[in-house]
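Colleague: Following is a predicted model, sequence given first.
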Amino acid sequence: MRRYLFFVNQPYSYSILRPLQDEIRRRGDEAAWFVAGCSTAPLKADERRLRTVREVMDYGADATFVPGDWVPYFFPGIKVEVFHGMARNKRGHSSEEESDHYRIRGWFDLYCTHAEKDTAKFGELAEKHGHFAVSHTGWPKLDPLLSQPLKGRRERQPGEPPVVFYASTFSRSVTSAPALVEKIGELSRSGQWKFIVTLHPKMDPDIVERYRQLASENLRFVESDEDLLPILPEADVMLCDTSSIMFEFMFLDRPVVTFRTKMPGPYLIDVEQIEEVEPALETAMEYPEDLMAATRSLCEDLHSFRDGQSSARVLDAVDDFLVSKKAGLRRKPLNLLRKIKVRRRLRKELDKMRED
């Protein structure tokens with residue numbers, strides 16, 4: 001029986017790692033969670049939590065899965081990067097070396113990639129550095145979405161208004177949340193639209209509260225620590241800015257409207273003015289052929305698989321790495337300064353959690 005550890009540092013990690021946990025359990029293996037830096041509230045009663053570094057060391061995992069860009073290097077087992085999102089950066093380009101997605105920090109033994117382009121790029125980096133391996137597996141987070149027949153137009157009851165899923169990132173330079181709060185309130189009150197609203201966990205609390213106050217029969221506010229993936233299929237269209245969740249929504253084969261996005265392309269209807277938002281939503285609800293064709297093309301570029309079996313491929317890749325690839329790698333760089341920073345960061349975040 002193998003033991004696996006999930007290293008959680010952000011609320012979004014839970015929905016990325018749970019499909020892996022399902023597959024681990026299906027195989028009769030064991031999984032545990034170590035949370036540092038965010039709330040443990042999303043953990044379920046049947047999910048094992050390791051509370052201290054000592055517990056982690058005693059647990060002795062064969063592999064630690066990480067959706068972020070750092071992990072305590074001294075944890076037992078190999079470190080597996082599964083990523084917090086797909087290969088896109090804020091300028092809308094994929095597979096760019098300068099993108100943070102491709103930064104090699106020296107923490108990981110195995111990178112589990114999502115598409116042919118990012119696999120090729122990481123393959124080049126693996127050959128250059130020599131201290132990690134790459135496997136083309138797909139992204140576990142998408143397994144539940146791709147496993148269910150909910151693609152394309154959603155069936156609506158007669159007279160039922162379209163449902164808009166609104167999501168916004170937190171960065172002041174790209175967020176649409178402050179600008180759109182009154183418009184979204186107005187559209188929901190009109191009765192012509194229903195909204196599901198969620199905001200980034202780092203969003204300004206005052207903005208979050210303004211959206212909470214909009215909650216009504218036609219507007220549902222979803223807290224940032226909820227798993228959004230099961231909720232996405234309830235929407236007909238997404239309204240967004242520069243949040244990567246819009247790419248996840250596209251795998252439902254449904255349209256996305258953006259407000260002043262930093263990731264433009266033919267797969268979006270992007271608008272610059274607040275008064276353009278509703279007409280853009282109306283256009284999106286017609287599912288224009290050119291828009292949907294571009295959306296499907298982008299999805300092919302971002303994620304190779306449609307079978308909902310990426311978690312199984314990730315675990316198979318770990319087995320293959322342990323059996324046939326681990327011994328042939330060079331030693332990781334010493335990284336003394338980074339290691340000191342990781343220890344300080346871990347200590348600081350654990351101290352903060354104790355205070356909370």
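Modeller: Received the coordinates, thanks.
Colleague: okay, CA-based contacts and neighbour counts for the rest of this
Modeller: OK.
Colleague: Hmm, F195 is touching V163, no?
Modeller: Yes. When contacts are counted by C-alpha atoms under 8 Å, F195 is listed as touching V163 (5.5 Å).
Colleague: Neighbour count for these two, which is higher?
Modeller: Using other C-alpha atoms under 10 Å as the criterion, F195 and V163 rank with F195 on top: 26 against 23.
Colleague: which element is the more buried one on?
Modeller: Using DSSP states H and E, F195 maps to strand 194-199.
Colleague: which strands and helices sit next to the helix or strand following that strand?
Modeller: Scanning forward in sequence from strand 194-199 by DSSP H and E, the next helix or strand is helix 205-212. Helices and strands touching helix 205-212, by 3 or more C-alpha pairs under 8 Å, 6 or more residues apart in numbering; DSSP states H and E, are helix 177-189.
Colleague: which residues sit against the helix it packs on?
Modeller: If you take C-alpha atoms under 8 Å, 6 or more residues apart in numbering as the criterion, helix 177-189 is touched by S168, W193, K194, F195, I207, R210, Y211, L214, N218, L219, I274, E278.
Colleague: Name whatever forms a beta bridge with the first one.
Modeller: Applying DSSP bridges to S168 gives these bridge partners: L199.
Colleague: Just to check, it is in contact with L199?
Modeller: Yes. Using C-alpha under 8 Å, S168 is in contact with L199, at 5.3 Å.
Colleague: and stretch 247-265, what's its mean pLDDT?
Modeller: Averaged over stretch 247-265, pLDDT sits at 95.
Colleague: Then stretch 71-83?
Modeller: According to the model, stretch 71-83 has a mean pLDDT of 96.
Colleague: Next, the buried residues of that stretch.
Modeller: Residues of stretch 71-83 classed as buried by neighbour count (16 or more other C-alpha atoms under 10 Å): V71, P72, Y73, F75, P76, G77, I78, K79, V80, E81, V82, F83.
Colleague: Just put the residues you listed in TSV and tack on distance to W139 and secondary structure.
Modeller: Putting those into TSV (distance: C-alpha to C-alpha, whole Å; DSSP: H, G, I helix; E, B strand; the rest coil) gives the following:
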residue	distance to W139	secondary structure
V71	19	coil
P72	22	coil
Y73	23	coil
F75	23	coil
P76	24	coil
G77	21	coil
I78	19	strand
K79	16	strand
V80	12	strand
E81	11	strand
V82	7	coil
F83	8	coil
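Colleague: Which of those residues sits closest to S324?
Modeller: I78 (13.5 Å; C-alpha to C-alpha).
Colleague: In contact with the closest one, which residues?
Modeller: Applying C-alpha under 8 Å, 6+ apart, the residues contacting I78 are D62, A63, T64, F108, D109, L110.
Colleague: cool, V66 as well?
Modeller: Residues near V66 by C-alpha under 8 Å, 6+ apart: F6, F7, V8, K79, V80, E81, V82, F83.
Colleague: surely the first one meets E30?
Modeller: No. Counting by C-alpha under 8 Å, E30 is not a contact partner of F6; they are 11.0 Å apart.
Colleague: Are we agreed that G68 is in a helix?
Modeller: No. G68 is assigned coil when assessed by DSSP: H, G, I helix; E, B strand; the rest coil, not a helix.
Colleague: Check the gap between it and P144 for me.
Modeller: 20 Å (C-alpha to C-alpha, to the nearest Å).
Colleague: before we move on, the earlier item: distance to E182 for the contacts of V66 - can I get that in a markdown table?
Modeller: Output for the contacts of V66, formatted as a markdown table (distance: C-alpha to C-alpha, whole Å):
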| residue | distance to E182 |
| --- | --- |
| F6 | 40 |
| F7 | 38 |
| V8 | 35 |
| K79 | 45 |
| V80 | 43 |
| E81 | 40 |
| V82 | 37 |
| F83 | 34 |
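Colleague: F305 - nearest residue in space that isn't next to it in sequence?
Modeller: Excluding the flanking residues, the one nearest F305 by C-alpha to C-alpha, 6 or more residues apart in numbering is G138, at 6.3 Å.
Colleague: What is the neighbour count of the one you found?
Modeller: Neighbour tally, G138, other C-alpha under 10 Å: 29.
Colleague: What distance do you get for it to D307?
Modeller: For G138 relative to D307 (C-alpha to C-alpha), the value is 10 Å.
Colleague: Report how many residues lie close to E278.
Modeller: With other C-alpha under 10 Å as criterion, E278 counts 15.
Colleague: mind checking the SS state of it?
Modeller: Strictly by three-state DSSP, E278 counts as helix.
Colleague: give the contact list for it.
Modeller: L187.
Colleague: got the contact list for H114?
Modeller: H114 is in contact with M86, H136, T137, G138, W139, L302, H303, S304, counting by C-alpha under 8 Å, 6+ apart.
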